[in-house]
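Participant: predicted model and sequence below, questions to follow.
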Amino acid sequence: MASLLLMAAIWGSTFFLIKDLTTRVPVTDMLALRFALAAVVLVLALRGRLRLTRTLLLRGGALGLVYGAAQLLQTFGLAHTSASISGFVTGLYVVMTPLLGWLLLRQRVDGLTVLAVLLATAGLGVLSLQGFTVSLGASLTLASAALYALHIVALGRWSTGPDALTLTTVQVAVVALVCAPPALVDGVQLPAGGADWANLLYLAVVAGALAMLLQTWAQSQVPATRAAVVMSMEPVFGALFAVALGGESFTWRLSVGGLSILAAMYLVELGPVLRRRRGPPDLPAGHPGEVLPEPLEPRGGTGAGGGS
């Protein structure tokens, strides 16, 4: 859970950086450069530790296609709607993740988790939503949220601790390939100054390679729905970074929305604790699962196998 929380903080730190960088570098160019650099960094850092089996290549490729398509849909959707609506609609992956887990994998969701999902969704709404109209941008963003949810569910199904390095590298490389074609249509525009290159390197190395590695490893340890709720902290961190570094003001929306999402995180962590404390269910006397004491031998009698 700590890895997911760190990943959400890293992603939250990128909002004001991306907003500034994309005023000088086209969005698709930024995405292609970001994930291409992240893939190069991972390959160089992990050479000799990657296990490129057919299964991992297929799974990593499928995950990269889904994630890359989600990135593009979210980006194009943002061009046709406000940032606040885009942030809320994207965050609906919190609701879609348990639904897809149930539909595709028949995963059961307990009552506390359902309540946590509702709280997180409400918190996202308070943080981001200021009026809502169903526009082309909102529709594209909703499709991206569904793909993010599918990515979380599939990653939770396929990720294992030993394979996290390889799965991360393949995913990031495929995301770069997915984002490249729209960037190459009119030629890739590179950042012009040192500050822009520094921001791009942070987005690639820390918010790209490292964050994806944290998510891939963490989802080998944490169920998909719990992961989605923790990841909903991203806009909270984004707002906090915007206040601390971007000059924005601290508002009641940040307080109420952030507390709702924190409450949701507490609930998803409380469920396993309660189940452990509850222990196994009480069984009626004589139930096959009950261990009964061995009967005592009659006083003065012989044991089994004794002769008269």
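Facilitator: Thanks, I have the structure now.

Participant: where does the stretch 101-250 of the chain have low pLDDT?
Facilitator: 127-135, 235, 242, 246-250 (pLDDT under 70).

Participant: would you map the helices across it?
Facilitator: Residue ranges of the helices in the stretch 101-250 of the chain, as given by DSSP state H, counting those that start in this stretch, are 111-128, 136-158, 164-184, 194-204, 211-218, 224-231, 234-245.

Participant: between those, which gets nearest to P26?
Facilitator: P26 lies closest to helix 164-184 among these, at 7.4 Å (Cβ to Cβ). All C-beta spots, glycine's among them, are computed from the backbone N, C-alpha and C.

Participant: and that closest one, what does it pack against?
Facilitator: Applying 3 or more Cβ pairs under 8 Å, 6 or more residues apart in numbering; DSSP states H and E, we find helix 164-184 packed against helix 27-46, helix 54-78, helix 211-218.

Participant: report the angle between the axes of the last one and helix 27-46?
Facilitator: On the basis of axes from the mean of the first three to the mean of the last three Cα atoms, to 10 degrees, helix 211-218 is oriented at 60 degrees to helix 27-46.

Participant: same thing with the second one?
Facilitator: Using the same axes, to 10 degrees, the interaxial angle of helix 54-78 with respect to helix 27-46 works out to 150 degrees.

Participant: which secondary structure elements does helix 54-78 contact?
Facilitator: helix 27-46, helix 83-90, helix 136-158, helix 164-184.

Participant: what residues of the third one count as buried?
Facilitator: Applying a neighbour-count criterion of 16 or more other Cβ atoms under 10 Å, one finds 137-138, 140-156, 158 buried in helix 136-158.

Participant: columns distance to Q215 on top of the helices and strands packed on helix 54-78, output as CSV?
Facilitator: Converted to CSV, these look like this (distance: least, Cβ to Cβ, whole Å):
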stretch, distance to Q215
helix 27-46, 13
helix 83-90, 16
helix 136-158, 7
helix 164-184, 8
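
Participant: which one of those lies closest to M231?
Facilitator: Taking the helices and strands packed on helix 54-78 one by one with Cβ to Cβ, helix 136-158 is closest: 7.6 Å.

Participant: that'll do, ta.
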